[in-house]
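Novice: Dropping the sequence and predicted coords here.
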Amino acid sequence: MPDNEAPVANYRAGLVAVLGRPNVGKSTLVNALVGAKVSIVSPRAQTTRHRLLGIASFPAGQIMLVDTPGLHQQESRAINRYLNRAARGALEGVHAAIHMVEAGRWVSDDDLAQRVLVEAGVPHVLVINKIDQIKDKQALLPFIAEHAQGKSYAAVHLLSALKRKGLEPLVNELLALLPESEPHYGEDEITDRSERFLAAELIREQLMLRLGEEVPYSATVAIESFQEDGQLLRIAAVIWVEREGQKAIVVGKGGEAAKQIGRAARENMERLFGRKVFLELWCRVREGWADDANALRQFGYE
Ligand code: GDP
Ligand code: MG
C-alpha cells in the first residue's frame, strides 16, 4: 500500500473463488468487480480455461477473485478432466466462494458445484445472475425457495453482472467473509496474470466471438514472442487448430477472418495495456491437440 494513505480499520483481504456452470456469467462478474477486462467473456460455453486471479480493491478491503473453469459431469476428453481438476484445485486455500447460477435455470451441474463447495468446506454465497432477463421478479420466488433456502449457502444475492446491478451488497457480503488483513496488492493492480497470458486470452476471445460452433473448442493460442520496443509492444502469436478445414475457417477468404480477429484482439490489448501493439498472427494445424496430454502441457494447461 502507498505510504501516503492511512490504513483503514478492519480492512479485509482474501481469496474468493467463482464457481458455476459455463456461461452463467462468471467472467462478466469478475470483470465488473475488477473494473477492467481481465477474464474473457463470450456467449459460448467453456470460454475460460485457465485459473485467473482478478483483484478488486474497495475502500474497506480487497477481494482476490479466482475465476474457475466450469465443472462438468462428463469427463470424457482430456481437456474436460483438466477443467474439473482445475475447478477443484481452485478451491484450495480460498476464504469464500461464489456459486453462480442463471436466474430461472437450475440443472444437475449446479447441484454438482454446490456439492463440491460443501465438500471443500468453503463458506459459499449463491449468486443468481442475469435477473435483467426476468421481467417479473416475483416469479423467481419459487426458484429461490427450491434451490437456495435451507441449503448450505451463507447468503443469496440476485444481480445482473452485465448491467452491474446488485454488486455492492455482494461485495459487502464477501468482504465480511474475509479475514482482516493488509492489502496484498496495490490498488491499481488488477491481475497477477502476465500481459503475455492476457494477450493470448484476448485472441482466443475473438475466436470464440467470431467463428462457428466447432472451431473455438479445437483452437488454442500460443504467444511465440512478446517484446517491448520503446512504447510499442511487438507480439507474435499462433492459433493452433486440429484440422486443415478449421484453419481455412480461421484464415477466411483472402485472409479476411484472420485479419478481423487480429485487429479486434489488438485493439483490446491496446486498451488493456495502455500501449500501442503490433500483432503478428498465424494459424497452424496440430492434429488432436485437445485430446493429447503432451500437447495440453505444451500449450500451458497444467
Ligand atoms: P462464464 O462462462 O460463466 O464465465 O460466462 P461469461 O461471463 O463468459 O458470460 C456468458 C454470457 O452471458 C455472455 O454472453 C455474457 O454477456 C452473458 N451475461 C453475463 N452476465 C449477464 C447478465 O447479468 N445478464 C445477461 N442478460 N447476460 C449476461
Ligand atoms: Mg468465463
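Specialist: Done, it's in. Ligands and ions are numbered 1, 2, ... in the order given.

Novice: so the closest residue to residue 164 other than its chain neighbours is in which element?
Specialist: Counting by Cβ to Cβ, 6 or more residues apart in numbering, residue 32 is the residue found nearest to residue 164 once chain neighbours are left out, at 5.2 Å. For glycine as for every other residue, the C-beta is placed from the backbone atoms N, C-alpha and C. Secondary-structure assignment from DSSP states H and E places residue 32 in helix 26-34.

Novice: Just after that helix, pick out the following helix or strand.
Specialist: Under the assignment DSSP H and E, the closest C-terminal helix or strand after helix 26-34 is strand 52-58.

Novice: is ligand 1 contacted by that next one?
Specialist: No. Judged by Cβ under 6 Å from any ligand atom, strand 52-58 makes no contact with ligand 1; its nearest approach is 10.1 Å.

Novice: And the lengthiest helix in the chain, how far out from the chain middle?
Specialist: What stands out as the longest helix in the chain, according to DSSP state H, is helix 256-273. Taking the mean C-alpha point of helix 256-273 and that of its whole chain, the gap between them comes to 19 Å (Cα atoms, centre = their mean, to the nearest Å).

Novice: picking up where we left off before, measure how far the helix holding residue 32 is from the centre of its chain, please.
Specialist: Using Cα atoms, centre = their mean, the mean C-alpha position of helix 26-34 is found 8 Å from that of the whole chain.

Novice: between that helix and strand 52-58, how many degrees?
Specialist: An angle of 30 degrees separates the directions of helix 26-34 and strand 52-58 when computed by axes from the mean of the first three to the mean of the last three Cα atoms, to 10 degrees.

Novice: sorry, back to before: pretty sure the residue nearest to residue 164 is touching residue 167, no?
Specialist: Yes. When contacts are counted by Cβ atoms under 8 Å, residue 32 is listed as touching residue 167 (6.2 Å).

Novice: Overlap in contacts, the two.
Specialist: Shared contacts of residue 32 and residue 167, defined by Cβ atoms under 8 Å, 6 or more residues apart in numbering, are found at residue 161.

Novice: After the worst-scoring helix or strand of the chain on mean pLDDT, which helix or strand is next?
Specialist: For the chain, scoring each helix and strand by mean pLDDT, DSSP states H and E identifies helix 78-89 as the least confident one, at a mean of 59. Once helix 78-89 ends, the next helix or strand along the chain (criterion: DSSP H and E) is strand 96-102.

Novice: tell me the mean pLDDT for that following strand?
Specialist: Model confidence over strand 96-102, given as mean pLDDT, is 95.

Novice: And the strands in this protein?
Specialist: Read by DSSP state E, the chain holds these strands, from start to end of the chain: 12-19, 52-58, 61-67, 96-102, 124-129, 155-158, 220-229, 232-241, 276-285.

Novice: And the fourth one, what does it pack against?
Specialist: Strand 96-102 is packed against strand 12-19, helix 26-34, helix 108-120, strand 124-129, helix 167-177, with contacts defined by 3 or more Cβ pairs under 8 Å, 6 or more residues apart in numbering; DSSP states H and E.

Novice: Turn those into a markdown table, including mean neighbour count and mean pLDDT.
Specialist: As requested, the helices and strands packed on strand 96-102 are arranged in a markdown table below (neighbours: other Cβ atoms under 10 Å; pLDDT from 0 to 100):
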| stretch | mean neighbour count | mean pLDDT |
| --- | --- | --- |
| strand 12-19 | 24 | 91 |
| helix 26-34 | 24 | 89 |
| helix 108-120 | 16 | 84 |
| strand 124-129 | 24 | 98 |
| helix 167-177 | 17 | 96 |
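
Novice: Figure out which of these is closest to ligand 2.
Specialist: Evaluated over these, closeness to ligand 2 peaks at helix 26-34, with 3.3 Å, by Cβ to the ion.

Novice: Between helix 167-177 and that closest one, find me the angle.
Specialist: Using the same axes, to 10 degrees: helix 26-34 against helix 167-177 is 80 degrees.

Novice: List the contacts of residue 133.
Specialist: When contacts are counted by Cβ under 8 Å, 6+ apart, residue 133 touches 103-104.

Novice: how close does it get to ligand 1?
Specialist: Using Cβ to the nearest ligand atom, to the nearest Å, one gets 5 Å for the distance from residue 133 to ligand 1.

Novice: With residue 21 instead?
Specialist: When Cβ to the nearest ligand atom is the yardstick, residue 21 and ligand 1 sit 7 Å from each other.

Novice: Any figure for the gap between that residue and residue 104?
Specialist: As defined by Cβ to Cβ, to the nearest Å, residue 21 lies at a distance of 14 Å from residue 104.

Novice: Who has more neighbours out of these two?
Specialist: Of the pair residue 21 and residue 104, residue 21 is the one with more neighbours under other Cβ atoms under 10 Å, namely 23 against 14.

Novice: I'm done for today, thanks for sticking with me.
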